[in-house]
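Peer 1: A predicted structure for the sequence below; I have some questions about it.
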Protein chains: 2
Amino acid sequence: MPRIARASTLEPMDKQALRLRQTLTVGLGARSYDIVIGTGLLADAAVFGTAAAAPSSAQALIVTNTTVGPLYADRLMQTLSQRHARVSALSLPDGESYKNWETLNLIFDDLLRKGADRKSVLYALGGGVVGDMAGFAAACYMRGIAFVQVPTTLLAQVDSSVGGKTAINHPLGKNMVGAFYQPRLVACDLETLNTLPARELSAGLAEVIKYGAIYDMAFMAWLEENLDALRALDPRALAHAVRRSCQIKAEVVTQDERESGLRAILNFGHTFGHAIEAGMGYGAWLHGEGVAAGMVMAAELSLEMGLTDDSAFAQRLRRLLARAGLPTRGPLIHPADNAGRYLELMRVDKKSEAGQIRFVLTGAAGRAIVCAAPDALVRRVIDRCCAAP
Amino acid sequence: MPRIARASTLEPMDKQALRLRQTLTVGLGARSYDIVIGTGLLADAAVFGTAAAAPSSAQALIVTNTTVGPLYADRLMQTLSQRHARVSALSLPDGESYKNWETLNLIFDDLLRKGADRKSVLYALGGGVVGDMAGFAAACYMRGIAFVQVPTTLLAQVDSSVGGKTAINHPLGKNMVGAFYQPRLVACDLETLNTLPARELSAGLAEVIKYGAIYDMAFMAWLEENLDALRALDPRALAHAVRRSCQIKAEVVTQDERESGLRAILNFGHTFGHAIEAGMGYGAWLHGEGVAAGMVMAAELSLEMGLTDDSAFAQRLRRLLARAGLPTRGPLIHPADNAGRYLELMRVDKKSEAGQIRFVLTGAAGRAIVCAAPDALVRRVIDRCCAAP
């Protein structure tokens, strides 16, 4: 009966949700910006109409990729042509393996060929890779031009488009070359998630679950309740998950823009996760998949370290991630010395200091802490948490 | 007799000058830093000893080039080894033509191979090219690590090492990809100028003369008085010229860090100058040589525009530049349409907006203003001020 009662109210509420516009502000002084979450944003010039987002009489370049461009670039181009004298789109090859200097240079080439000046605005239409590259290009082109994030994946909406981290990969490490550079606006159009492959939706859910695990156990409980609705793309559920995730990220980033302290907790699962991504070759595992397995490993390491004796938390995390369609075990990344290869990769991670790896661990459920760990314990966790050959 | 009187007091004053240490502070809030000017700095660990300049327990990398490295890298390495656990040096190929992504990537490769973490410090030992590349590498490596400028050319000491502009060139434009990124310290060791080729000393004097021309006519008069002493590397004269130049640049930069207004006056001569550099192929003309001819052209354009009727100023500028060993006429950069090619190159300059070229012109002597100019007048100036075929 309660199920039916909820279902009967769903339709009108959904219609309401479709018209919903929610705005969060990331308060960073002169670099503050809004995150707009809702539906139909791509077709609404008013969303992009603040003076801060779009300097007047400016040229606009939409940076997108060969997957997202055909779906949404025309719509956005039409909308932006109401705000900018000249609007064009540049389609990059799709995938993490293209997040490098060569692809970044395509953006610079295009901007220079079109005579883009310092007042030009870059729009990043796509997932995290497009956002990272367009953001870094905006940070560097003529030493900085305005840019706007229009994330079209769940991962980008809840994570990479908020917080101002931009970067490209280097053959020796992920996101090694980049800048802290804030967008002027983030516009999360939930409708774009309708065309997102299920595997990528799951990868985004990994980061959503992370926010619960490190910051808000009530949100974790809400996720346990609503995970099926999220996977079914229920707009009300999506709106709540994206909003709460962005809120948590904004709260953390506002307190620590340049990752000197608190912000590090957002890397829960990322130390192991980055090693998985690098060890498998960028693109083989999605970022969110690496983070999912990495969070389980971090939770297990917390137990191993004696920081908590709450083994129920690791179990709960594992169950939720599995329901989200995510891996809960790491891959084997070396045939002979798997743990050694993980350690080697983690030591060159940006978060390591003087060769000491910094892990984000969970003290008590919902409380993240950053610390080092003895190699022997890390090895034991890797051996236990990675897939058998 | 006055000449002899001055000569007789020179020796003891020179010895004093050799021990002289002067410190200016560039006040940019949390990004403030000191400029130390003097002799013997490279061998003095105390100069590099502030906590801000060198985070403790850190690895240091000296970025230099194949010309400057053999002369000074060992000395600096020895000095820095008193402050850092690990110090190494990386020698880049010398020259503006190497100021590109490929060379920049050598720095990233080296940092990653050595496992350099976020607490590492980059030292730029060399001229403007080394400073621009090391600075941009520091801005991007792991999204920002500390860096210190140790400029060894007059140009770098009075200009490029102060103000936080870093960049690399793009085939379609100079300094098109870069960042505003402040050093933690600038250490100008005047002794390094003893090994500077005369042509490069002259190129540095172009920027010194610029500060007089745009900001301080008393300094311009002092330069007319002391130009021979500067070319003879008189340490007292050098110390004054470097200090006053840095003071003027710091005053301007402090008021306008990101070049939204006043800072543009520092580009006097640079609009024409960049076109000369690009038109001749980077490296053929030194930056200071392009700026010298460019300043004459800008002064002539000011007359042409009727902003001033003080033709004596352009004449005075021309005479001073010639005494400094600098060109006062631009080169021909196109066999058929020389002025057209200049205009084309100036239109893609970073300072242009919506295709409109912004010139820094001189209203009255010592008063710089930024404005646009009709193509016809610009053409006339180019035709008059460029060398005959």
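Peer 2: Done, it's in. Just so you know, these numbers come straight off a predicted model, no measurement behind them.
Peer 1: what's the single longest helix in chain A?
Peer 2: The longest helix of chain A (DSSP state H) is helix A:235-255.
Peer 1: quick one: average confidence on the next helix or strand after that helix?
Peer 2: Using DSSP states H and E, the helix or strand that follows helix A:235-255 in sequence is helix A:270-280. Averaged across helix A:270-280, the pLDDT comes to 93.
Peer 1: Pull the contacting residues for A:Asn338.
Peer 2: A:Asn338 makes contact with A:Leu332, A:Ile382, A:Asp383, A:Cys386, according to Cβ atoms under 8 Å, 6 or more residues apart in numbering or on different chains. All C-beta spots, glycine's among them, are computed from the backbone N, C-alpha and C.
Peer 1: In a markdown table, list those along with distance to B:Tyr181, neighbour count and pLDDT.
Peer 2: Formatted as a markdown table, the contacts of A:Asn338 follow (distance: Cβ to Cβ, whole Å; neighbours: other Cβ atoms under 10 Å in any protein chain shown; pLDDT from 0 to 100):
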| residue | distance to B:Tyr181 | neighbour count | pLDDT |
| --- | --- | --- | --- |
| A:Leu332 | 41 | 16 | 96 |
| A:Ile382 | 38 | 24 | 96 |
| A:Asp383 | 43 | 11 | 95 |
| A:Cys386 | 40 | 20 | 95 |
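Peer 1: List just the nearest of these to chain B.
Peer 2: Set against chain B, the nearest of these by Cβ to the nearest Cβ is A:Ile382 (20.5 Å).
Peer 1: Identify the residue spatially nearest to the closest one, adjacent ones excluded.
Peer 2: A:Ala339 (4.2 Å; Cβ to Cβ, 6 or more residues apart in numbering or on different chains).
Peer 1: Same question for A:Gly355.
Peer 2: A:Arg347 (5.5 Å).
Peer 1: Same check on A:Asp117?
Peer 2: In space, and not counting its chain neighbours, A:Asp117 is closest to B:Glu353: 5.0 Å by Cβ to Cβ, 6+ apart.
Peer 1: rewinding a little: now the longest helix of chain A: mean pLDDT?
Peer 2: The pLDDT scores in helix A:235-255 average 93.
Peer 1: And it, what's buried?
Peer 2: Neighbour-count burial for helix A:235-255, with 16 or more other Cβ atoms under 10 Å in any protein chain shown as criterion, is recorded at A:235-250, A:252-254.
Peer 1: got the CA coordinates for it in CSV?
Peer 2: Output of helix A:235-255 as CSV, limited to C-alpha atoms (Å, rounded to 0.1, in the frame of the first residue of the first chain):
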residue,chain,number,x,y,z
PRO,A,235,14.0,12.7,-12.4
ARG,A,236,13.0,13.5,-8.8
ALA,A,237,15.6,11.1,-7.4
LEU,A,238,18.3,12.3,-9.8
ALA,A,239,17.6,15.9,-8.9
HIS,A,240,18.0,15.1,-5.2
ALA,A,241,21.2,13.0,-5.7
VAL,A,242,22.8,15.6,-7.9
ARG,A,243,21.9,18.5,-5.7
ARG,A,244,23.0,16.9,-2.4
SER,A,245,26.3,15.7,-4.1
CYS,A,246,27.0,19.2,-5.4
GLN,A,247,26.1,20.7,-2.0
ILE,A,248,28.6,18.4,-0.2
LYS,A,249,31.3,19.0,-2.8
ALA,A,250,30.7,22.8,-2.7
GLU,A,251,30.8,22.8,1.1
VAL,A,252,34.2,21.0,1.1
VAL,A,253,35.7,23.0,-1.7
THR,A,254,34.6,26.3,-0.3
GLN,A,255,36.5,25.5,2.9
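Peer 1: which strands and helices sit next to that helix?
Peer 2: Helix A:235-255 is packed against helix A:2-19, strand A:21-26, strand A:33-38, strand A:185-189, helix A:198-215, helix A:217-231, with contacts defined by 3 or more Cβ pairs under 8 Å, 6 or more residues apart in numbering or on different chains; DSSP states H and E.
Peer 1: Specify the stretch among the ones you listed that is closest to A:Asn169.
Peer 2: Minimum separation from A:Asn169 across these (Cβ to Cβ) falls at helix A:198-215, 17.3 Å.
Peer 1: mean confidence for stretch A:195-208?
Peer 2: Stretch A:195-208 comes out at a mean pLDDT of 97.
Peer 1: how far is it from where the chain is centred?
Peer 2: 10 Å (Cα atoms, centre = their mean, to the nearest Å).
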